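J.: got a predicted structure plus its sequence, pasted below:
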Amino acid sequence: MLLHSPPVTAGYRRSIQGIIAHTGEIAALAAAFCWALSTVMNRPIGLSLSPLVMNLFKGMIAVALLCLTVTAGYVLAGRSPGGMSGGVVVLLAVSGVVGIGLGDTAFFAALWHLGSRRALLLGTLSPPLAAVIGLLFLGETMSLGACAGIGLTVAGVAWVITERSDQRGHAPPGRLWWGVGLGVFFALTQAVGAVISRKAMVDTQAGAEMTALVRLIAGTLTVLVILPFAIRRNPNASTTAPRKKPMTRRGWALFFVAVVTGTYLGIWLQQVALDHTHAGIAQTLQSTSPLFVLPIAAVLGERVSLRAIAGAAVAVGGIVLLFSSG
């Protein structure tokens with residue numbers, strides 16, 4: 001005799017409905033985790049490849065993987081890879097040029113001038129900028145609870161990455177303001193790119209993998225155009241720069257895994273997030289990537305300070321507030 005358990009079934013259904021209702025937020029957090037994981041894997045690779053060349057190779061590999069994904073979806077599942085108007089393609093391409101091509105290049109330059117912590121700190125300007133731009137151009141309004149959640153999350157992340165560190169940029173003191181400008185420009189490009197992509201996602205039924213492919217192609221082509229000028233101004237922008245260690249087979253394997261994790265999955269999940277939630281909320285949750293680095297660092301044997309743990313707790317409180325206000 002079968003025993004029925006309605007309370008369990010009802011609870012299970014509520015859980016599924018809750019997950020579906022927060023698809024965008026969950027995808028944004030998953031993207032942040034992917035970027036954190038790829039960041040840790042990319043650290044030793046930076047000794048062999050320059051940032052611009054890494055960005056170019058990452059884009060090329062991710063574009064190839066997304067092409068395979070779109071093709072597999074068409075062949076195996078019968079999903080049409082189209083469904084995008086010319087206007088949507090243009091919006092996604094502009095988003096890729098601004099957010100991936102120009103934005104990532106500005107971030108790499110800011111890293112050189114300021115060091116990673118200060119560059120990441122300026123990057124936390126992106127979520128509130130995305131919320132304001134989304135309000136002005138898309139009419140996206142958020143509750144007071146959601147706004148408070150954004151503030152708490154950004155504050156927690158900022159508290160973590162402003163901890164005293166020996167990391168410094170390489171620019172002379174008189175050029176630090178140039179680095180600050182690059183960091184602010186990076187935050188602005190991320191916000192603008194997210195809002196443009198959000199607008200495109202609202203106007204199309206194409207899947208996240210197809211929209212991510214268009215953005216990545218545009219961003220990668222932008223890096224391809226920028227690279228020759230960067231090499232002309234600074235030979236260290238090339239793979240043959242002095243003091244670079246040769247890339248080993250293990251390094252290439254690690255690099256490929258980092259691309260699959262951070263670029264292929266990360267940008268695909270970013271598109272899912274932008275398709276299901278406001279640009280400001282998506283940018284806020286994606287900016288929590290430094291928090292995911294903390295447990296990864298602890299597993300690898302690095303010391304995690306009490307301040308970092310406290311900052312992470314504040315950010316998690318903001319995330320909970322965001323979910324409860326959604």
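T.: Thanks, I have the structure now. Residues are numbered from 1 along each chain as shown.
J.: please make it C-alpha for all contacts and neighbour counts, starting now.
T.: OK.
J.: low-scoring stretches of the stretch 151-300 of the chain, by residue?
T.: Applying pLDDT under 70 to the stretch 151-300 of the chain flags the ranges 163-175, 234-245.
J.: what's the closest non-adjacent residue to Leu152?
T.: Computed as C-alpha to C-alpha, 6 or more residues apart in numbering, the closest residue to Leu152 that is not its neighbour in sequence is Gly318, at 4.6 Å.
J.: that neighbour sits in which helix or strand?
T.: helix 306-325 (DSSP states H and E).
J.: show me what the one helix or strand Ala258 maps to is packed up against.
T.: Ala258 is located in helix 249-258, with elements delineated by DSSP H and E. Contact partners of helix 249-258 among helices and strands, from 3 or more C-alpha pairs under 8 Å, 6 or more residues apart in numbering; DSSP states H and E: helix 23-42.
J.: could you dump the helix it packs on to CSV, C-alpha only?
T.: Output of helix 23-42 as CSV, limited to C-alpha atoms (Å, rounded to 0.1, in the frame of the first residue of the first chain):
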residue,chain,number,x,y,z
THR,A,23,16.6,31.8,-11.7
GLY,A,24,18.3,35.1,-12.5
GLU,A,25,19.8,35.6,-9.0
ILE,A,26,21.0,32.0,-8.8
ALA,A,27,22.6,32.2,-12.2
ALA,A,28,24.3,35.5,-11.2
LEU,A,29,25.8,33.8,-8.1
ALA,A,30,26.8,30.8,-10.2
ALA,A,31,28.6,33.1,-12.6
ALA,A,32,30.4,34.8,-9.7
PHE,A,33,31.6,31.4,-8.5
CYS,A,34,32.8,30.4,-12.0
TRP,A,35,34.8,33.7,-12.3
ALA,A,36,36.3,33.2,-8.8
LEU,A,37,37.4,29.6,-9.7
SER,A,38,38.9,30.7,-13.0
THR,A,39,40.6,33.7,-11.4
VAL,A,40,42.5,31.3,-9.0
MET,A,41,43.4,29.0,-11.9
ASN,A,42,44.6,32.0,-14.0
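J.: distance between it and the chain's centre?
T.: Chain-centre distance of helix 23-42: 7 Å, with C-alpha atoms, centre = their mean, to the nearest Å.
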